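Q: With the sequence up front, the predicted model follows.
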Amino acid sequence: MRADQYVYFAVRSDDVTAVEVEERLGLRPDSVLVRGSRDPDRPVPAHHKWAVESQQRDRSLYDQIEEVLARIAPVEAALTDLLSEGREISYVLQVVRLLNDPDAPEEETLPLGFGFDRDALQLLARLDASIDVDEYDGALGDE
């Protein structure tokens, strides 16, 4: 099955900006969102987001999860410190799969299964991080 799949670890907050997260962690994000930057009246997006993304989207989800968690493991203490301050902040490991992706190369078939080893689960548990898995059917288009 042709699929586009990727993984990222995000810090989300109503009041802690991506700039502050970067300064505290000493780790440059791969992407950021600024709360209310698209629509300040609602606000959209609803949260600030600082994220470290997989740089190997052509790899299995196992490999992408391992890569992303290896990148955040060295800043675990700083992430724990941020969390312990009692501010509105949360951590999420996001797994996204677009199945039947019409834009994926026909010859490319990625393994669809994935899992978490003990070290990954322990790291995520210590950070009180959630795991969010989104799956979309690319054959449905923009319906």
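A: Looks like it arrived, so ask away.
Q: Touching, residue 6 and residue 53? I think so.
A: Yes - Residue 6 is within contact range of residue 53, at 6.7 Å (criterion: CB atoms under 8 Å). No exception for glycine: its C-beta is placed from N, CA and C like everyone else's.
Q: quick one: secondary structure of residue 97?
A: Going by DSSP: H, G, I helix; E, B strand; the rest coil, the secondary structure assigned to residue 97 is strand.
Q: That one: neighbour count?
A: Neighbours of residue 97 under the rule other CB atoms under 10 Å: 21.
Q: List the beta-bridge partners for it.
A: For residue 97, the beta-bridge partners under DSSP bridges are residue 5, residue 135.
Q: show me what contacts it?
A: 3, 4, 5, 61, 112, 133, 134, 135, 136 (CB atoms under 8 Å, 6 or more residues apart in numbering).
Q: Can you name the residues that contact the third one?
A: By CB under 8 Å, 6+ apart, the contact list for residue 5 reads 57, 61, 64, 95, 96, 97, 98, 110.
Q: Pull out the buried residues from the contacts of residue 97.
A: Neighbour counting with 16 or more other CB atoms under 10 Å marks 3, 4, 5, 61 as buried within those.
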